[in-house]
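Trainee: Structure of the sequence below:
(one chain, ligands or ions: 2)
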Amino acid sequence: MNLRGRDYITLSDFSKDEIWYLLQVAKDLKSKQKAGIPHQHLQGKTLAMIFKKSSTRTRVSFETAMYHLGGTGIFINENDSQIGRGEPIEDTARVLARYVDGILIRTFEHQEVLELAKYADVPVINGLTDGYHPTQVLADLLTIWEHKGTLEGLKLAYIGDGNNMAHSLMLAGAIMDMEVSIACPKEYEPDPLVIQDARLLAKNSGKINVVCEPEEAVKGAHILYTDVWTSMGQEEEALRRRKAFAGYQINKKLLTFAEKDAMVLHCLPAHRGEEITAEVLEGSQSAIFDEAENRLHAHKAILDVLL
Ligand code: CP
Ligand code: NVA
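Mentor: Ligands and ions are numbered 1, 2, ... in the order given. Now for the predicted structure:
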């Protein structure tokens, strides 16, 4: 399969077969790394990495991925570059594309990533926007596949904010023939347009649900997922959100409503005692640190295949 030159902006840009292909490549590169087999497929290549929001995992795993693949990642902080002084994205895009082989961007407005991709004639990778977090979800799918041996037919319950994570998980679940049930407070539901997109992508639109009660979402679930109540850029709403989300927590009691061997995922960073208890995060059903590790392997696949 040839995905060379493609952008990686949302999961809905990819078919089920293409996502399976990325997962196979990730698995292969992971086993090569573990066995000490060189896989320097991107020698001499560079990836510009623009960050307008903080990051630990995305930044370090993409930079390490480029290094392992024989290339280099170039970190660009908006404030240390002309981007922070207002250089238009279409100019930045055209200039960077003349230097580098790919551009990763983490920003606020999803539209900015689309603009960047419009003007850059190298692959553009969405490293998180207010709307989506598709590189995270490839690592999540890899983790689920490793732990459960399959994706199809599994039920994923997401508890919390109808945010970028909820959006990307809904799209991924729809494409990969999973069932996705999102439980969130009324005012914090996912964007209705994304729900509509996911239902259109799903073979059975009834498998994509948004409910109020965490227990209802979790019933029969094989995977429980959560994310912070207050995302980057929403810090001023933290107090109001803490009240609204009380009860939307993955804890030991909620786990009893899920399948017996349900696994728990969280994109991290986590706030223990808010969206998840320390007990569950550190408990035997948590695959959260495997998931974090898989960012590296999933990102290698994205870079290897696109660049
Ligand atoms: N999960 C995730 O994207 O983590 P960072 O914000 O640390 O990159
Ligand atoms: N929803 C979170 C995800 C962090 C990886 C945020 O956007 O801040």
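
Trainee: Now for the closest residue to A183 other than its chain neighbours: which residues touch it?
Mentor: Spatially, and ignoring its direct neighbours in sequence, A183 is nearest to A217 (3.7 Å; Cβ to Cβ, 6 or more residues apart in numbering). For the C-beta atoms, the positions are set from N, CA and C on the backbone; glycine is no exception. Counting by Cβ atoms under 8 Å, 6 or more residues apart in numbering, A217 makes contact with 157-159, 181-183, 209, 211.

Trainee: one more time with 6 Å, if that's ok
Mentor: Neighbour list for A217: 157, 181, 183, 211 [criterion: Cβ atoms under 6 Å, 6 or more residues apart in numbering].

Trainee: quick one: buried residues of the helix or strand where it lies?
Mentor: Under the criterion of DSSP states H and E, A217 resides in helix 214-218. Buried residues in helix 214-218, defined by neighbour count with 16 or more other Cβ atoms under 10 Å: 214, 217-218.

Trainee: Which residues does the following helix or strand past that helix contact?
Mentor: As assigned by DSSP H and E, the chain's next helix or strand after helix 214-218 is strand 223-226. Residues from elsewhere that reach strand 223-226 (Cβ under 6 Å, 6+ apart): 144, 156-160, 250, 258, 262-266, 275-276.

Trainee: before we move on, the earlier item: and the residue nearest to A183, how close does it get to I182?
Mentor: 7 Å (Cβ to Cβ, to the nearest Å).

Trainee: Also K34?
Mentor: Counting by Cβ to Cβ, the gap from K34 to I182 is 34 Å.

Trainee: Tell me how many other residues crowd the closest residue to Q82 other than its chain neighbours.
Mentor: Closest residue in space to Q82, ignoring its immediate chain neighbours: T92 at 7.4 Å, by Cβ to Cβ, 6+ apart. Using other Cβ atoms under 10 Å, T92 has 22 neighbouring residues.

Trainee: Which strand or helix spans T92?
Mentor: helix 89-99.

Trainee: ok now that helix, how far from the chain's centre?
Mentor: 25 Å (Cα atoms, centre = their mean, to the nearest Å).

Trainee: Enumerate residues external to it that contact any of its residues.
Mentor: For helix 89-99, using Cβ under 6 Å, 6+ apart, the contacting residues are 48, 83, 103, 112, 115-116, 119-122.

Trainee: again, 10 Å this time
Mentor: Applying Cβ atoms under 10 Å, 6 or more residues apart in numbering, the external contacts of helix 89-99 come out as 46, 48, 50, 74, 76, 81-83, 87-88, 102-103, 105, 107, 109, 111-124.

Trainee: Check the gap between the residue nearest to Q82 and I83 for me.
Mentor: For T92, the distance to I83 - Cβ to Cβ - is 6 Å.

Trainee: For the stretch 101-250 of the chain, what lies in contact range of ligand 2?
Mentor: Listed as neighbours of ligand 2 in the stretch 101-250 of the chain under the rule Cβ under 6 Å from any ligand atom: 128, 133, 163-165, 227-228, 231-232.

Trainee: can you narrow these to ones near ligand 1?
Mentor: L128.

Trainee: Which one (most neighbours) among the residues of the stretch 101-250 of the chain next to ligand 2?
Mentor: Going by other Cβ under 10 Å, L128 tops those with 28 neighbours.

Trainee: Tell me which residues touch it, please.
Mentor: With Cβ under 10 Å, 6+ apart, L128 has these contacts: 51-53, 55, 58, 104-108, 110, 113, 134-136, 164-165, 168, 231-232, 267.

Trainee: make it 7 Å
Mentor: Counting by Cβ atoms under 7 Å, 6 or more residues apart in numbering, L128 touches 53, 58, 106, 164.

Trainee: Please determine how far the nearest residue to the second one once chain neighbours are set aside is located from ligand 1.
Mentor: The shortest distance from T58 to any non-neighbouring residue, by Cβ to Cβ, 6+ apart, is to G127 (5.0 Å). Using Cβ to the nearest ligand atom, to the nearest Å, we find G127 at a distance of 8 Å from ligand 1.

Trainee: Let the chain start at 686 from now.
Mentor: Sure, I'll start numbering at 686, so the last one becomes G812.

Trainee: okay, now A859: neighbour count?
Mentor: The local packing of A859 (other Cβ under 10 Å) involves 26 other residues.
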